[in-house]
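K.L.:
Any chance you can model this:
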Amino acid sequence: MKFWWPHNEAIIATLLAWKLTGKKKYTDMHKLVHDWSFKHFPDPVHGEWYGYLHRDGSVSQHAKGNLYKGPFHLPRMLWYCAGELLGDKFLSQIKSKAKKTDAKSTVKKSIRSKQIRKEKINPRKKTAIKKRSLKK
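P.N.:
This is a model prediction of the structure:
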């Protein structure tokens with residue numbers, strides 16, 4: 001049985017070993033585990049990786065999410081390796097996109113809160129609250 005997460009971690013580990021030592025044997029190991037993993041684990045039709053394969057690379061279980069397989073190891077491996085290979089340029093692009101997204105979100109929230117105060121909109125129901133006139 002081959003599990004997805006040890007392959008994700010092996011891809012990271014061999015990349016880091018190469019970066020730390022510069023030895024060719026680690027690039028060879030990285031290429032070996034990377035190529036095998038990307039050939040067998042991904043679902044070419046629906047995306048994501050299968051979690052469990054037989055030793056020959058055939059799918060053992062078709063579920064791509066269960067109590068034990070979640071969306072952690074694969075995105076972490078992809079993000080980490082991209083950051084290591086592409087360096088600061090990649091990470092700064094990701095951070096700047098996140099800041100832009102946060103800024104847009106903050107502006108939208110600010111505009112919305114001003115509308116709520118100005119129009120006296122009930123934020124839960126998103127409807128205008130009618131002013132009741134007290135007639136005596």
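
K.L.:
so where is this structure shaky, pLDDT-wise?
P.N.:
Applying pLDDT under 70 to the chain flags the ranges 90, 101-136.

K.L.:
Show me the helices in it, by range?
P.N.:
4-21, 24-40, 73-86, 88-119 (DSSP state H).

K.L.:
export the ones you listed to a markdown table and tack on mean neighbour count?
P.N.:
To be clear about C-beta, it is placed using only N, CA and C from the backbone, and glycine gets the same treatment. Listed next are these as a markdown table, based on neighbours: other CB atoms under 10 Å:
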| stretch | mean neighbour count |
| --- | --- |
| helix 4-21 | 17 |
| helix 24-40 | 14 |
| helix 73-86 | 15 |
| helix 88-119 | 11 |
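
K.L.:
right, and these - which one's nearest residue 61?
P.N.:
Checking the helices of the chain against residue 61 by CB to CB gives helix 4-21 as the closest, at 10.8 Å.

K.L.:
wouldn't residue 48 be in contact with residue 74 here?
P.N.:
Yes: under the criterion of CB atoms under 8 Å, residue 48 makes contact with residue 74 at 7.4 Å.

K.L.:
still on that earlier bit, can I get the helices of the chain in JSON lines with distance to residue 64?
P.N.:
Formatted as JSON lines, those follow (distance: least, CB to CB, whole Å):
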{"stretch": "helix 4-21", "distance to residue 64": "9"}
{"stretch": "helix 24-40", "distance to residue 64": "14"}
{"stretch": "helix 73-86", "distance to residue 64": "10"}
{"stretch": "helix 88-119", "distance to residue 64": "25"}
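
K.L.:
In contact with the nearest residue to residue 53 once chain neighbours are set aside, which residues are there?
P.N.:
Spatial nearest neighbour of residue 53, excluding adjacent residues (CB to CB, 6 or more residues apart in numbering): residue 2 at 4.4 Å. Shown here is residue 2, whose contacts under the criterion CB atoms under 8 Å, 6 or more residues apart in numbering are 40, 52, 53, 54, 55, 57.
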